[in-house]
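> Need coordinates for the following:
(one chain, ligands or ions: 1)
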Amino acid sequence: MKENLVSLQTRLLFVHEERDIRHHFCENLCAEDFLLKTVPDSREALKVLKIFPADIVMLCIVGDGLALLDEIRTHIPDGIIVAVVNNDTSKEVLNAVKLGGYNYVLMPFDFGAIRELIRNRLLKTSFEGKERRKRYRFENLIGRNIKMLDVYQKVNDVAVANTTVLITGETGTGKELVAEAIHSRSARKSGPLIRVNCAAFTETLINSELFGYEKGAFSGAMALKKGCFELADNGTILLDEIGDIPLQTQTCLLRLLDSGSFQRVGGVKTLKTNSRIICATNLDLWHMVQEKLFREDLFYRINVVSIHMPPLRERKSDIPLLARYFLKKYCGQIGKDISHIPDSTMEMLHRYDWPGNVRELANVIEQAVVFCKRKELALHNLPLKVRETSLPKAFILNLASRSLPDAASALIQNVLAETGWNMKQAAEKLDIARGTLYSKIKKYGIEKPRSGD
Ligand SMILES: Nc1ncnc2c1ncn2[C@@H]1O[C@H](COP(=O)(O)OP(=O)(O)OP(=O)(O)O)[C@@H](O)[C@H]1O
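Next up, the predicted model:
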């Protein structure tokens, strides 16, 4: 009977240096059971895991294998890792494997037992199906990189406390989503979450926006207006771009933080607010304190607990997950049916450094979905800025100094070497038809190196 727990989407990576063993493994645990990839060594395994976040990794632990188990664990914290050992593997090594919490299988393989082991582990850990997917999502945040797991933990810890939180990080890293998560996990979740983009107001308007104004406070103040702190009573207020508030407003904010009270512009009555304050910034506030642009006392007051959002380039292992999430989201919105992001496209997404972080990735996928005419996102659907970074800078500079045919030939040779002369992958990477690739190889007289070259 076919195990429905081991779904077609279960991704298995098999690492073994011997080609025959890899073939034997593929033949016996074929694609009908798993999405299966095999690689010869640890270096390749770590490379592949970036674009193929495996649910299960099985690897031979000769040489550096034991240390590698731990390294792989950091790449797939939720995954199942199985060591492949020989009959003559020492007791010490087996004990170390067990102590590390890993399973192991003996060679020669008993494939029935391997299926059984995987099925049981999937059951036991309840990482299967929906449960497993849920773990990659925390409120509206997607990601399972170790740095994101750390963020989720901090959000959980601070949500229950009532302290002021400072969320730092580059633009587009998800600071606002973190503020939402804190609010919705706190006891204030039934109260309002009021967001204020402090950078969007002039110096004169920001006070009115935050604290409100009395009727007649200034020309144009025809009626009393409540400010954001009043509106956020019993809820949470997010002061986004806090580094942009003027010094005079910083003084009012400090008073409010110290006493919980404030006055409307033009008012004399002291009002109280019971709102939790979360601040967010992509600026270096401490540097601003040194430059006397931000009050030091306010800095300490808002920085009671801080959560730093890592840039996407420091958590690239989340790119496949995020890219697939945005693909599904925008296909739904735009009404397209694109089911797949091929490895070559994923690899290119992986190489780019994403200065605009997750926001930029979302925009790139949305744009690619708009232009895509097929069932899968091809390389040419990605914007040029992403495709341009797919080759090492030194290589591009080197190309620029050559004649056009010479550069084209060098480029093809580079891609062929990178893909191990896999024509399908090389053509995909070069974004040309396979037939065109064959004719160019012939035209430029490119020869496959003999093994040992
Ligand atoms: N981990 C994530 N999972 C899903 N979507 C995300 C994630 N991080 C960011 N986004 C999306 O990226 C966009 C930018 O996120 P957000 O506004 O929270 O970033 P930010 O750090 O507050 O940016 P800024 O400093 O420019 O205000 C939003 O559309 C958000 O939904």
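> Residue 170 contacts residue 354, doesn't it?
No - if you go by C-beta atoms under 8 Å, residue 170 and residue 354 don't touch, sitting 9.6 Å apart. Any C-beta I mention is one placed from the backbone N, CA and C, and that applies to glycine too.
> Between those two, point out the one with more neighbours.
Comparing residue 170 with residue 354 by other C-beta atoms under 10 Å, the one with more neighbours is residue 354, at 22 against 17.
> residues touching the more buried one, list them.
Neighbour list for residue 354: 311-313, 360-361 [criterion: C-beta atoms under 8 Å, 6 or more residues apart in numbering].
> Please indicate which of those are buried?
Using 16 or more other C-beta atoms under 10 Å as the burial test, the contacts of residue 354 include 311-312, 360-361 as buried.
> Can you narrow those down to the ones near the ligand?
Among the buried ones among the contacts of residue 354, proximity to the ligand is found for none (C-beta under 6 Å from any ligand atom).
> pLDDT, secondary structure and distance to residue 418 added to the residues you listed, as a markdown table?
Shown next, in a markdown table, are the buried ones among the contacts of residue 354 (pLDDT from 0 to 100; DSSP: H, G, I helix; E, B strand; the rest coil; distance: C-beta to C-beta, whole Å):
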| residue | pLDDT | secondary structure | distance to residue 418 |
| --- | --- | --- | --- |
| 311 | 96 | coil | 26 |
| 312 | 95 | helix | 24 |
| 360 | 97 | helix | 25 |
| 361 | 97 | helix | 23 |
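> low pLDDT regions in this structure?
Scanning the chain with the threshold set as pLDDT under 70 gives 1-10, 30-34, 62-66, 77-78, 120-135, 389-402, 404, 450-453.
> about what we covered before: adding distance to residue 338, write the buried ones among the contacts of residue 354 out as TSV.
Below are the buried ones among the contacts of residue 354 laid out as TSV (distance: C-beta to C-beta, whole Å):
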residue	distance to residue 338
311	27
312	22
360	20
361	16
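> tell me the strands in the stretch 51-200 of the chain, going along the chain?
56-60, 80-85, 103-106, 137-138, 141-142, 165-168, 193-197 (DSSP state E, counting those that start in this stretch).
> Whatever residue of the stretch 1-150 of the chain ends up closest to the ligand: neighbouring residues, count only.
Per C-beta to the nearest ligand atom, residue 142 is where the stretch 1-150 of the chain lies closest to the ligand, at 3.7 Å. The tally of other residues near residue 142 (other C-beta under 10 Å) stands at 18.
> cool, the one 5 residues further on as well?
By the criterion of other C-beta under 10 Å, residue 147 has 15 neighbours.
> hang on, it packs against residue 314?
Yes - with contact defined as C-beta under 8 Å, residue 147 counts as touching residue 314 (6.5 Å).
> thinking again about what came up before, which member of the buried ones among the contacts of residue 354 is positioned nearest residue 213?
In terms of C-beta to C-beta, no member of the buried ones among the contacts of residue 354 lies closer to residue 213 than residue 360, at 38.2 Å.
> How about that closest one: what's its closest non-neighbour residue?
The spatial neighbour of residue 360 that comes closest, neighbours along the chain excluded (C-beta to C-beta, 6 or more residues apart in numbering), is residue 354 at 5.5 Å.
> Make TSV from the strands of the stretch 51-200 of the chain and add distance to residue 436 to it.
Listed next are the strands of the stretch 51-200 of the chain as TSV, based on distance: least, C-beta to C-beta, whole Å:
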stretch	distance to residue 436
strand 56-60	36
strand 80-85	41
strand 103-106	44
strand 137-138	42
strand 141-142	37
strand 165-168	48
strand 193-197	50
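> Can you tell me which of those strands is nearest to residue 318?
strand 141-142 (7.3 Å).
> so how far is that closest one off the chain centroid?
8 Å (C-alpha atoms, centre = their mean, to the nearest Å).
> Direction included, what does it pair up with?
Using DSSP bridges, strand 141-142 pairs in its sheet with strand 137-138 (antiparallel).
> by contact count, what packs against the helix or strand hosting residue 346?
In this structure, residue 346 is located in helix 343-351 according to DSSP states H and E. Counting contacts by 3 or more C-beta pairs under 8 Å, 6 or more residues apart in numbering; DSSP states H and E, helix 343-351 packs against helix 42-51, helix 319-334, helix 384-388, helix 423-430.
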